[in-house]
Structures are given as C-alpha cells and as structure tokens.
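Student: Sequence below, structure please.
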Amino acid sequence: MEDLKDRIKAFASMTHGPEVMGSGGGFAGMFELSGYRAPVLVASADGVGTKLKIAAQLGHFESIGQDLVTLNVNDILTKGAKPIFFLDYVSFSTLDQHRMETLLRGITWGCREVGCALIGGETAQMPGLYSDEDFDLAGFLVGVAEKDGILDSSTIVPGDCLVGIPSSGLHTNGFSLVRHVFNSDEDPSVLFRQFGDLNRRLGEELLTRHRCYYPELQPALGSMKGLAHITGGGLPGKVPSILPNNVAAKFQRGSWTVPPIFSLIQSEGQISEDEMLRVFNMGLGMVAVCREDEVDKIRETSPDAVVVGQVVARNGHEQNSHATAGYQRNGSVKALVSVFDKTGIVEFGQKLVESGFELISTGGTHRTLSEEGGLPVQQVSDVTGSPEILDGRVKTLHPVIHGGILARRDLPAHISELETYGIGTIDLVVGNLYPFAETISNPAVTMDDALENIDIGGPTMLRAAAKNFPSVAVVVDPDDYGWVADRLAGEGLTEGERRGLAAKAFQHVARYDFTVAGYLTEESSATESLPENLDLTFRQVATLRYGENPHQQGALYVPTAGQSGGIAGAQQLHGRELSYNNLMDADAAWRTVNDFAEPAAAVIKHANACGLSSHEDLAQAYLQAYDGDTVSAFGGIVGFNRTVTAAAAEAMHPVFYEVVVAPGYEPAALEILQRKRNLRVLAVNSGGAELGGISLDIRPITGGVLIQTPDSIAESPANWKTATEKVPTETEMDDLAFAWIACKHIKSNAIVFARNRTLMGMGAGQPNRVVSVHLSQRIAGEKAQGCVLASDAFFPFPDNIELAAEAGVTAIIQPGGSIRDDEVIEAANNHGIAMVFTGVRHFRH
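Tutor: A predicted model of the protein is given here:
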C-alpha cells in the first residue's frame, strides 16, 4: 500500500509547477494564484458515468482517467477559464492497486495535457456500498479567468453563426442507453465485435477518448460570444442554456458529419431521432456562437470546425430547445430527377411535390412526370439556359447543375459564390443509369449499340450528390422511394440515412463502370490462363444471424451481374432461416451429389460426406448413405441430385436433419418434409458454380487471395492404369469409380472405404495418410471387409497398403506418382490387392 502511495505522489508531482505549495499529502492541497488583474475562479465537478462499466469489462482505464479531467476542463472552457488545479475521488469495494494506478496515470496525462496541477484526491474503500468489481470516479476542477474575459452570452443576437466542433465519439454521455441497446452487461463479448461502418471493435469505439478542446479553442475565445459543451441533454438541452431568452438556435440539417457509431446505436436500438439528440452529442462536442466574420478565426485553431446553423429571433411561441432540435429547411428545396428505369417515379414525384420540392428533370423523365403524372416540372435546359445537345449526350453536364449539387452549405464562401452566379442549390438527386448490362446480354449487340448505352451524365450527377451527402440526398433504387418520401414528408433524412444512400449510389456507379470495363476489355472466356486483373462485385441478399461462430458476423452475397444459381440462388421451400454453417454444408452436399451421373444421396457434416451412396432408387440411395455412419448423420445436411420422391422423404423422417437440398420435390415428398417445422428445404437449379460469369475457385489468405481453376477435370476409367498383377473385377471397378468421386469431395488427406457404390468409412483432414486409413477402417468396422479404397493422393510408403489389407480391402485407386510406387505396388501384390493409378490428384484443403 505504501508503494502505491509513493507512485500516486510521483504521478501528481509530474503536474506540479511553482504555483503548487507544499510537497503534497496532508489534508488539503495549496495553490498560489498570481498574475491576474481581476481573477475569477471557475469550478466544475463531474464524473464519467457508466462508461466505467465498459472500461471495467475491457480492462482499459487510462482513457477513463483522462476523460475525467477532460470533461471538467471542457466545462470551465465554456466560461473562458484556464484550468489551474484538479482533485480526484475514487471509491472501491476493495482497493484494486493496479486499477488505481492505471486510473491515476490517465488523470496525470489529462492534467499535463492542459497544464493543470493535480494537487490532491481521495481514495475510499466501501465494501458495504459497492460490489466486488464496482467502483466510482469523480473529479473537481478549478480554473481562473480575468473578469473581463469571461464569455458574455448576453451579446448574442440574431444572425450570429453556430459553429460546431466535432466530437471524437460518444465522449462520456449516453452509456446507460448504449449498454441497454447492446446488452453488454449480460453479453460482454459484443464489445469485441466489429459492426457495419465501424473500423474497429465496438468496445474500442465506445472507449474513444473525450476530445479535449482547451488547447485548440483557447486562442480563439476572443472571437466567441458563447460556448456550449454538448454533454447530457445533447444539442436541444445544452445550446439553449447559453442563449438569451429572445433568440433561438436554428440548426441546418446535414451540415456536419454524424459518426457511424450514432447511426449504429439508433438502428440497433430502434431509437427515435428526438431521443438520440437529447441523449448523445451526435458528432458535435462543442458549439460556439460568433459573428459571421469571426468564423474563420475559430477555423484557424480548429480546422474541422463547421458552421452548423445560426441564431434567429424567437417568435414567442416556441421554446429554444425545440428550435434546436428542429433542423428546419431554409427556403425552397429542389429535386433533380433523371431516371432510365421509371418504376414508381410518378408516385415518388407526387410525394416530393406534396413535401414542397420543386422538380427539375430531363427528356423522357420530364415527359413521364409532366404528362403521365401531371406534375409541375422544370426542364434542365430551362435551369441551365443551355439546350440538350449531341442527341441527348449532354444534358446535366453544366456548372449550374453541378454547382447546385456540390456546394457545401456550411461554407459561406460557397453560398456566396452561388449567389454571385445565380445558381440555386439542389437538395435531392434521383437517378439510375442506362441499361448497359441488359444491352450487352443480347448476343446480337453491336459495339455502336453498346457505346450508346454507356451513361456519362448520370454517373457524374450521382457521384456529385453522393460526395456531398452531408447536404444532398441521392436515391438510385426505386425500392427506396417509399421510405425516403415518408422521411422527407416528416422530419427529413438523418445524416446516417443520407450516408447510406450515398454509399448505395457509389456502389451503383461502381458496378456500372465495372460492367462497361469488362465488356470493353473483351477477355476471352476460352483462354486457359488466369486473368491478370480480377474485378468481381457482389450484393448482399441475406444477413445471417452470425458467421461460423456467434462472435462473427455473417451475410450472403451474390454476383451483381447475372442470375445467381447453386446454393446462393436456391429457393427455400420450408423451415427456419439458414445459417452460415447451413449454407456451407448445403453447398458441400450439392457439389458432392452433382458429380455423380446416377441418382445419388449424401449426408454432410462439417463439409465432409459422412454418408454417400448411388442407387437407381433414390430412397434406397438415401438409406444406404445413412447406414454408412448413423451416428454422424444426426444433425447433418442431406443432398440429392434428383427430384426427391415421397419414399425418400419418408425414409428420412425418423432422423433429425438441419437441411435438405435437391433440384426438386414431389408434392407428396414436400408435404412429408414440411411436417418437421425447423427442417430447411432447399430447391436448387443446376447452375451456379461460377462467380460473375467466371469459373474460378477463390480463397482468401492474409493480404490477398489465391485463385485456381476448379477441380473439374474430365476423367475416364479408360485412361486409368492397373498397376498390379491382379486386375479389378467389373464390380470392383464400379466401386472404385464411385470411391474416386467421393474421395474428391473429402478434405485432404482423404481416404474412402466403399462397397456397392456406398461410402462405408472415410478419414478426412488428417496430417498423415496412415491416420486417415485408421479412421476409415474404424468407422467402417466389419463392413470394411470386401471394400475398395480410394486415396486423393499417392501413398508415400507401403504401410498404408498393410493397413488396408488387414481391414479386408480388395482393390485400391490412387493417383500414383510416388518415388516409392514400386514398393507400394509390391505390397499390394503380396496381399492380392488390385491397384489402379489415375494419374490425377484431388487434394482439397
């Protein structure tokens, strides 16, 4: 304990200057105040709230200590004060020396950052008040200001600017709601997950340091009339508290960037925008009030400061807080609408007009809106003063259009420039592009046809609007018309919603450009070489509950171009939602059975076949597959390569399975399968092995991807070579062909025991082939007698042959090619085993 006291003293002394009197310790700290004409002491006391809970769960306390100092420093900064000394109070159930030392280190750093002395504190142990892990933390700060330097908000008048200085995140408010939204008290693992647009794990995001504004804003205090620290109560609660009664704050929607963490919290917790504004800072840690001509002085010391609104006269009927939360729109609002796909555009246009939008449009869209919809619409040419030229190739490519879209509303210079040139702002852009993909899908398409369907103005317009999403909304998907119209008719689109729409627009344009580039490149699909550059785009079609494990996120994506087949494009006919592992195993089942020309059934566990059989009667094929390993089959995935019959469905009924996948189902079979409420039933078409029209096997590795052509080589038994004195019988050769296909779909090192075109045992994923043979023999048991054996790669030593002979194997199929092939062949001859070399290896990792 004495050591801890010495370390605490050492920390405190690091913050001391000559103003601190005494060596510390005792009952009180002393500070000599000098150098001020008319000093006024300014004090603040505060704590970091339940952010402590998050820190305790993650074991990170330095930032909490810094936060304790910072939030008090920011509070006294609103009066124009300089921090001079700080005291802390820490209470535990039982003193945790490591935690205490870490907290004090953070407090020391916080004090040193602003030149403030840590002159005292109190540490308390209260076992009857706190549980074992709980603790509390509070701080008391004293600052000083010259009396005539205190910020005087009584001078604030209508026309003054509201200047926002961004926050670093949540700072220290709203953590009780955050913990409820993410249920982090009950499930701390959520803190280690990475969500959506966050570029780090949730816990790291939540513990982001409270931004300290004193070093940057102190030099600009002379340019300010008032300053608000946006903590509990948010913008509606804090900004009005510094305003005179005769004025209100009017914020401009979209003038600042709201960090992704706030959109995530709102989405996950289904929280109203009003509550978000009153609980969180929503991306603004400080709001300063100043004359318009003083804004640049604040930006000199805080380059990321933005004008977020202005002070207006209060009309007597509204409260300041309401004006703060309102985000009113100023003047008329304009929407530029230019779409090729006119689905739902008339109805959307009607709702926009009802919400007060003035519509601007081009060519065909203008005719649709004005003639079919009877809506008031301006031609783009009337706005620009320039006609459409070159057969419509140039319509919206004009400074009047792009200036109105790209102007930043928070920059007075931009607004002034628009006024100088008589350009009006455009607040909403609605567009989608020429149907290039549909055009080139026609086999008879000419290059001229393709070139005429390359959109130029559309992508430019969409990119401009998406770039300026803090001020402009962009809509490219007709499916978004409904909810966007509803939001615009009400409180308007949030920053997060506009950001999402912008991302969707950039994706829309990127996919379009990728399709054009791919067509013009004209890479021959017949070439045997892999592409020098590979560009593939996918769209999300399903959000999965989680990935392979609950702490991982998971989703299903399909190529953006063309129709998706295979498992990704399967139709779910029955059952609960599919999981990541369901899809992986269903894919393994589908690939396995589709390698057989005859009717086949497979039972899959962890992407390996534990049961597999081929028989002309599908029900019999299933029964034989199940009989191969009745223990492992429980909870597996069943795959068929033929339409499932009622008999096959009835045969499956007694066993619990997760998924059944097949090309189709007899009505009676489907009725039987649907008796099991949770069984997922998938119908799959015959295609879908390709990605974006390219048949490749793509595997991610750290820092890149590995690409190979699929293991789909055409093999014929006629090309196989019998390497032993004994030649396989016709029945053995039939079973060897079956086993060879089965082996191809088992993880390496792969060994398969088979008889009567049925898998009897398999060894998968072992680091050596001997262990795989042992596993196959153990699973097959007595059924190993008379089996054939398949190995996905050559036998490096004859020991595997000895084991096979002991198990009763009569014939073997393998690639051959070992330097000890002669020894392996000799061992097979000694045991009277036939052996076939295929010359093809089937490793599968």
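Student: Please list all residues in contact with residue 806.
Tutor: Residue 806 sits next to residue 777 when contact means C-beta atoms under 8 Å, 6 or more residues apart in numbering. (Each C-beta comes from the backbone N, C-alpha and C, glycine too.)
Student: Could you list the buried residues of stretch 165-178?
Tutor: Across stretch 165-178, burial judged by 16 or more other C-beta atoms under 10 Å covers 165-167, 169-175, 177-178.
Student: ok, those vs residue 559, which is closest?
Tutor: Residue 559 has its nearest neighbour among those in residue 169, at 36.4 Å by C-beta to C-beta.
Student: Once you drop chain neighbours, what's closest to that closest one?
Tutor: residue 208 (3.9 Å; C-beta to C-beta, 6 or more residues apart in numbering).
Student: what about that neighbour, how many residues close to it?
Tutor: Using other C-beta atoms under 10 Å, residue 208 has 17 neighbouring residues.
Student: Likewise for the one 3 residues further on?
Tutor: Neighbour count for residue 211, taken as other C-beta under 10 Å: 19.
Student: wait, isn't residue 49 in contact with residue 176?
Tutor: Yes - the pair residue 49 / residue 176 is scored as a contact, 7.3 Å apart, by C-beta atoms under 8 Å.
Student: Can you tell me which of the buried residues of stretch 165-178 end up in helices?
Tutor: Judged by DSSP state H, these include 175, 177-178 as members of helices.
Student: Distance of the most centrally placed residue in the chain relative to residue 267?
Tutor: Taking C-alpha atoms, centre = their mean, the centroid of the chain lies closest to residue 196, which sits 2.8 Å from it. With distances taken as C-beta to C-beta, to the nearest Å, residue 196 is found 8 Å from residue 267.
Student: re earlier: phi, psi of the residue nearest to the centre of the chain?
Tutor: phi 40, psi -120 (degrees, to the nearest 10).
Student: contacting residues around the closest residue to it other than its chain neighbours?
Tutor: Once flanking residues are discounted, residue 196 sits nearest to residue 264: 5.8 Å by C-beta to C-beta, 6+ apart. Contacts here follow C-beta under 8 Å, 6+ apart; on that basis residue 264 touches 195-198.
Student: let's see 10 Å
Tutor: Applying C-beta atoms under 10 Å, 6 or more residues apart in numbering, we find residue 264 in contact with 178, 181-182, 195-198, 202, 205, 496.
Student: Return the members of these classed as buried.
Tutor: For those, a burial check counting by 16+ other C-beta under 10 Å picks out 178, 181-182, 195, 202, 205, 496.
Student: Show the end-to-end separation of stretch 354-371, please.
Tutor: 18 Å (C-alpha to C-alpha, to the nearest Å).
Student: For that stretch, which residues meet the burial criterion?
Tutor: 355, 357-362, 365-366, 368-370.
Student: Export those as a markdown table, with columns for distance to residue 477, secondary structure and pLDDT.
Tutor: Below are those laid out as a markdown table (distance: C-beta to C-beta, whole Å; DSSP: H, G, I helix; E, B strand; the rest coil; pLDDT from 0 to 100):
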| residue | distance to residue 477 | secondary structure | pLDDT |
| --- | --- | --- | --- |
| 355 | 19 | coil | 82 |
| 357 | 19 | strand | 87 |
| 358 | 23 | strand | 88 |
| 359 | 19 | strand | 90 |
| 360 | 20 | strand | 88 |
| 361 | 18 | strand | 86 |
| 362 | 19 | coil | 81 |
| 365 | 16 | helix | 85 |
| 366 | 21 | helix | 85 |
| 368 | 18 | helix | 89 |
| 369 | 18 | helix | 87 |
| 370 | 23 | helix | 85 |
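Student: quick check, nearest of these to residue 722?
Tutor: Using C-beta to C-beta, the buried residues of stretch 354-371 come closest to residue 722 at residue 365, 71.9 Å.
Student: Quick check: the closest one touching residue 335?
Tutor: No - here residue 365 lies out of contact with residue 335, judged by C-beta atoms under 10 Å, at a distance of 11.4 Å.
Student: Can you lay out the buried ones among the contacts of residue 264 as JSON lines showing secondary structure, pLDDT and distance to residue 125?
Tutor: Output for those, formatted as JSON lines (DSSP: H, G, I helix; E, B strand; the rest coil; pLDDT from 0 to 100; distance: C-beta to C-beta, whole Å):
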{"residue": "178", "secondary structure": "helix", "pLDDT": "92", "distance to residue 125": "29"}
{"residue": "181", "secondary structure": "helix", "pLDDT": "91", "distance to residue 125": "33"}
{"residue": "182", "secondary structure": "helix", "pLDDT": "91", "distance to residue 125": "31"}
{"residue": "195", "secondary structure": "coil", "pLDDT": "86", "distance to residue 125": "38"}
{"residue": "202", "secondary structure": "helix", "pLDDT": "91", "distance to residue 125": "32"}
{"residue": "205", "secondary structure": "helix", "pLDDT": "91", "distance to residue 125": "33"}
{"residue": "496", "secondary structure": "helix", "pLDDT": "81", "distance to residue 125": "44"}
